[in-house]
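[1] Structure of the sequence below:
(one chain, ligands or ions: 1)
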Amino acid sequence: MILAHPDFEKSIANKYIKNKLAQESNVEIRHLNELYPNHKIDVQTEQEALKKADIIIFQYPLFWYSVPSILKEWIDSVFTYGFAFGKGNYQLKGKKIIVSFTTGSSSKDYPEDVVEKIVFPFKGLANFCKMNYLTTIYSHEIANYSDEAKEKSVKNVEIHAKKLIDEIR
Ligand SMILES: Cc1cc2nc3c(=O)[nH]c(=O)nc-3n(C[C@H](O)[C@H](O)[C@H](O)COP(=O)(O)O)c2cc1C
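    Below you'll find the predicted structure:
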């Protein structure tokens, strides 16, 4: 699991998902903001980690309809020519991708066509690198501004985590 969250201490949803996934066997969690607080990605280490994985989960809170900046930086640094594509070298070929994100806004802001736009870059990446885009899993209305909001968030993210675990099992 490639996890990006720059304010993890305050996280409800991504923290919940991380903790649940950590209980699964054979899951390696790579929390980019903890590994690389200065955004200096160790490309070789990341590429080796990817080579060992069967399924790569991108886990993140939606930031302006996109990914937190460290995740974009990680993708740009790690999916290099000669490793992920090109020169007959598709070293991630056949690996599966799951995109798993959380949102602050409610589900009405995320009809299917909007979700498709959000994951379009990941589907493009999968296609380009001969990987298999497995599925998209998401939960909405994640907020921590009140006890009621937190309670609702946990309910939403419980379902999310369960779907994710069912998928990887
Ligand atoms: C910089 C920034 C941008 C955000 N952009 C969006 C957005 O485009 N759509 C949305 O629904 N929520 C947006 N949010 C809310 C987060 O997605 C939400 O707080 C997060 O998914 C909650 O997960 P967490 O409990 O793990 O922090 C944004 C939050 C931040 C800090």
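
[2] With adjacent residues omitted, what lies nearest to the residue in the chain sticking out farthest from the centre?
    Going by Cα atoms, centre = their mean, the residue of the chain most distant from its centre is residue 87, 27.5 Å out. Spatial nearest neighbour of residue 87, excluding adjacent residues (Cβ to Cβ, 6 or more residues apart in numbering): residue 81 at 6.9 Å. C-beta coordinates here come from the backbone N, C-alpha and C atoms, glycine included.

[3] who's that neighbour bridged to?
    Residue 81 forms beta bridges with residue 85, as assigned by DSSP bridges.

[4] For the lowest-mean-pLDDT helix or strand in the chain, list the C-alpha coordinates in CSV.
    Using mean pLDDT, DSSP states H and E, helix 147-168 stands out as the lowest-scoring helix or strand of the chain, at a mean of 95. Provided in CSV are the C-alpha atoms of helix 147-168 (Å, rounded to 0.1, in the frame of the first residue of the first chain):
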residue,chain,number,x,y,z
ASP,A,147,-18.1,14.1,17.4
GLU,A,148,-21.1,13.5,15.2
ALA,A,149,-19.0,14.1,12.0
LYS,A,150,-16.3,11.8,13.4
GLU,A,151,-18.9,9.0,14.1
LYS,A,152,-20.3,9.3,10.6
SER,A,153,-16.8,9.2,9.1
VAL,A,154,-16.0,6.0,11.0
LYS,A,155,-19.1,4.3,9.7
ASN,A,156,-18.3,5.3,6.2
VAL,A,157,-14.7,4.2,6.4
GLU,A,158,-15.5,0.9,8.0
ILE,A,159,-17.3,-0.1,4.8
HIS,A,160,-14.5,1.2,2.7
ALA,A,161,-11.9,-0.8,4.6
LYS,A,162,-14.0,-3.9,4.4
LYS,A,163,-14.3,-3.6,0.7
LEU,A,164,-10.6,-3.1,0.3
ILE,A,165,-9.7,-6.1,2.4
ASP,A,166,-12.2,-8.3,0.6
GLU,A,167,-10.7,-7.2,-2.7
ILE,A,168,-7.1,-8.0,-1.7
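
[5] quick one: buried residues of that helix?
    Of the residues in helix 147-168, 152, 153, 156, 157, 160, 161, 164, 168 count as buried by neighbour count, 16 or more other Cβ atoms under 10 Å.

[6] isn't the last one right up against residue 59?
    Translated: residue 168. No. Using Cβ atoms under 8 Å, residue 168 is not in contact with residue 59, being 11.7 Å away.

[7] how about the strands in the protein?
    Ranges of strands within the chain are 2-3, 30-31, 55-61, 96-102, 132-139, based on DSSP state E.

[8] possible to save the buried residues of helix 147-168 as TSV with distance to the ligand?
    Output for these, formatted as TSV (distance: Cβ to the nearest ligand atom, whole Å):
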residue	distance to the ligand
152	12
153	6
156	10
157	8
160	10
161	12
164	14
168	19
